[in-house]
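In: Let me see the structure of the following:
(one chain, ligands or ions: 2)
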Amino acid sequence: MNKISIENLSLRYSDGTESLRNITMGIPANKITVLFGPAGGGKSSLLRILNRLNDLADVTHLDGRVLLDNEDILSPKTDVIQLRRRVGMVFARPVVLPMSIRQNLTYGLEVAGVKDRHRLEAAVERSLQQAALWDEVQDRLDDAAIALSGGQQQRLCLARVLALEPEVILLDEPTSGLDPISTGKVEESLQELKQTYTIVLVPHSVQQAARTADFAAFFLQGELIEYAANKILFTNPENQQTEDYVEGRFG
Ligand SMILES: Nc1ncnc2c1ncn2[C@@H]1O[C@H](COP(=O)(O)OP(=O)(O)OP(=O)(O)O)[C@@H](O)[C@H]1O
Ligand SMILES: [Mg+2]
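Out: Ligands and ions are numbered 1, 2, ... in the order given. Below you'll find the model as predicted:
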């Protein structure tokens, strides 16, 4: 079943750049869908539309529909704050808040009105467990988050999104600044998390795309070139451009 349906979505920025051209695709629930392809293909633009971060950008033309559980999130009636609680985003560069590890995780819930200490503590442990960080930080939850390593900060950012119990998690090259061990930990936790969440990942390499994908979509200059289940795009693509890209002939 599709958690998100993207229908005939086109996006043009005010400088005339056509970043997405008539994209139609479904994003299945409880799977990892990867959006991959060379720079400037429109991957980040598409992720940003999925939680309306594009509202902040200089967009002149946005056409089509994006349904989340059959509701059009592009409708002016959509409660954007509520939408961003349901659809969380993790960025390439971890941005931790200048607070303790614990406060990084409870802040969003407190802003949302949660006061119950037990509930906040439970969310701290659950989200750190899910982000594969609990073992490393459980004895120092009151230390400054900024003192964590880059890989730990990135998992803390993932935990911060998970603390809010979203339904969909968007990740834009979340491991681009990480060492291979931290990258492996993030990839492992994504495999666990898909039991509970719908995951949309822009990977930082073709190899990561192939390792993580349940569904894979190849984007080139704003167009969805090929989209398929499993790892077919990496082993037996139909399109010549997909094949050239996954085999490293351009990129
Ligand atoms: N805020 C913006 N204003 C104008 N043009 C933009 C804006 N954001 C992106 N673009 C343009 O839209 C196109 C798609 O960019 P986008 O960042 O979505 O690609 P991407 O696939 O994520 O690339 P990368 O792999 O480099 O992250 C590019 O031509 C880019 O220059
Ligand atoms: Mg991008």
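
In: The nearest residue to residue 145 once chain neighbours are set aside and ligand 1, how far apart?
Out: The shortest distance from residue 145 to any non-neighbouring residue, by CB to CB, 6 or more residues apart in numbering, is to residue 96 (4.1 Å). Where C-beta positions appear, they are placed from N, C-alpha and C, glycine not excepted. Distance from residue 96 to ligand 1, counting by CB to the nearest ligand atom, to the nearest Å: 22 Å.

In: what's near enough to touch the closest residue to residue 144 other than its chain neighbours?
Out: Leaving aside its sequence neighbours, residue 144 sits nearest to residue 100 (CB to CB, 6+ apart; 6.3 Å). Applying CB atoms under 8 Å, 6 or more residues apart in numbering, we find residue 100 in contact with 141-145.

In: Any quick ChimeraX command for the buried ones out of those residues?
Out: Remark: buried members of the contacts of residue 100, expressed as a ChimeraX selection using 16 or more other CB atoms under 10 Å:
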select :141,145
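
In: What is the nearest of the contacts of residue 100 to residue 237?
Out: Within these, the smallest distance to residue 237 is 41.5 Å, found for residue 145 (CB to CB).

In: so who does the closest one touch?
Out: Contacts of residue 145 by CB under 8 Å, 6+ apart are 96-101, 103-104, 153, 156.

In: ditto for residue 51
Out: Residue 51 touches 83-84, 87-89, 170, counting by CB under 8 Å, 6+ apart.

In: Can you give me the distance of the residue in the stretch 101-250 of the chain positioned nearest to ligand 1 to residue 39?
Out: Closest contact between the stretch 101-250 of the chain and ligand 1, by CB to the nearest ligand atom, is at residue 219 (6.1 Å). Note on residue 219: its distance to residue 39, by CB to CB, to the nearest Å, is 11 Å.

In: Thanks a lot, see you next time.
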